[in-house]
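Q: how would this look folded up:
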Amino acid sequence: MTEKEKAALGLLYDANYDPQILADRARAQDICLDYNQTRTAQAGERLRILQALLARCDEHIIIEPPFFVDYGYNMRVGKHFYANHNLTVLDGAPVTFGDHVYLSPNCGFYTAGHPLDAAERNAGLEYAKPITVGNNVWIGAHVCVLPGVTIGDGSVIGAGSVVNRDIPAGVLAAGNPCRVLRAIEPKPRRVIL
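A: Numbering: from 1, shown residues only. Coordinates of the predicted model:
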């Protein structure tokens, strides 16, 4: 079994010395460098680069540079996605963003975790667990989302939060560790005739 296959299964894998993993990460770093050197007016070029890098991204996507991703092939982005500056995605496992997701500056999504055993860590081993962000989610500045977390549709995560457990749909959550503060009640819609 390859190290990439082990990562996909959530097993410990060699993230630091395996030649294929290192080559995949180097490729993504080079593509991110190209992306981060584009000008604002080069929206078409930015989209072309993202479509070459990511597993899935629709046309209505804006990621403000700088942007960093470990592999790219595990990152999926839905429609009408906006990420402000300094988005970091460590996608050793799938990271999936739904439609209408908005990220404030300096957010990080980290699928990678490390063994508690020092000998395993020193051998370059890690594991990766998927992260899923639902539709219509807004995430505040400096939020850190940890391995294995799912954030439900319509939720809002407050600035500075460390999300280490699943967050249900339709709630405001914040803190370190992030916790649900209250439900978000939908506002009644006014009909204009």
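
Q: from here on, just use CA atoms for contacts and neighbour counts.
A: Fine.

Q: ok, residue 27 to residue 20 distance?
A: 11 Å (Cα to Cα, to the nearest Å).

Q: who has more neighbours out of those two?
A: Using other Cα atoms under 10 Å as the criterion, residue 27 and residue 20 rank with residue 27 on top: 16 against 13.

Q: and the more buried one, what does it touch?
A: residue 71 (Cα atoms under 8 Å, 6 or more residues apart in numbering).

Q: got the phi and psi for it?
A: With angles defined as degrees, to the nearest 10, residue 27 sits at phi -60, psi -50.

Q: what residues are up against residue 139?
A: Contact analysis of residue 139 by Cα under 8 Å, 6+ apart lists 102, 103, 104, 156, 157, 158, 159.

Q: how about a cut-off of 6 Å?
A: Counting by Cα atoms under 6 Å, 6 or more residues apart in numbering, residue 139 touches 103, 156, 157.

Q: now those residues as TSV including secondary structure?
A: Shown next, in TSV, are those (DSSP: H, G, I helix; E, B strand; the rest coil):
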residue	secondary structure
103	strand
156	strand
157	strand
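
Q: can you put those residues in a markdown table and add pLDDT, neighbour count and distance to residue 67?
A: Supplementary listing: the contacts of residue 139 in a markdown table, determined by pLDDT from 0 to 100; neighbours: other Cα atoms under 10 Å; distance: Cα to Cα, whole Å:
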| residue | pLDDT | neighbour count | distance to residue 67 |
| --- | --- | --- | --- |
| 103 | 98 | 23 | 12 |
| 156 | 98 | 24 | 22 |
| 157 | 98 | 26 | 20 |
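
Q: pretty sure residue 163 is touching residue 180, no?
A: No: contact criterion Cα atoms under 6 Å: residue 163 and residue 180 do not qualify, at 10.6 Å.

Q: more neighbours, those two?
A: Neighbours per residue, other Cα under 10 Å: of residue 163 and residue 180, the larger number sits with residue 163, 24 against 16.

Q: report the separation between the more buried one and residue 100.
A: In terms of Cα to Cα, residue 163 sits 20 Å off from residue 100.

Q: same deal with residue 88?
A: Residue 88 sits 19 Å away from residue 100 when distances are taken as Cα to Cα.

Q: ditto for residue 26
A: To residue 100, residue 26 is 30 Å away according to Cα to Cα.
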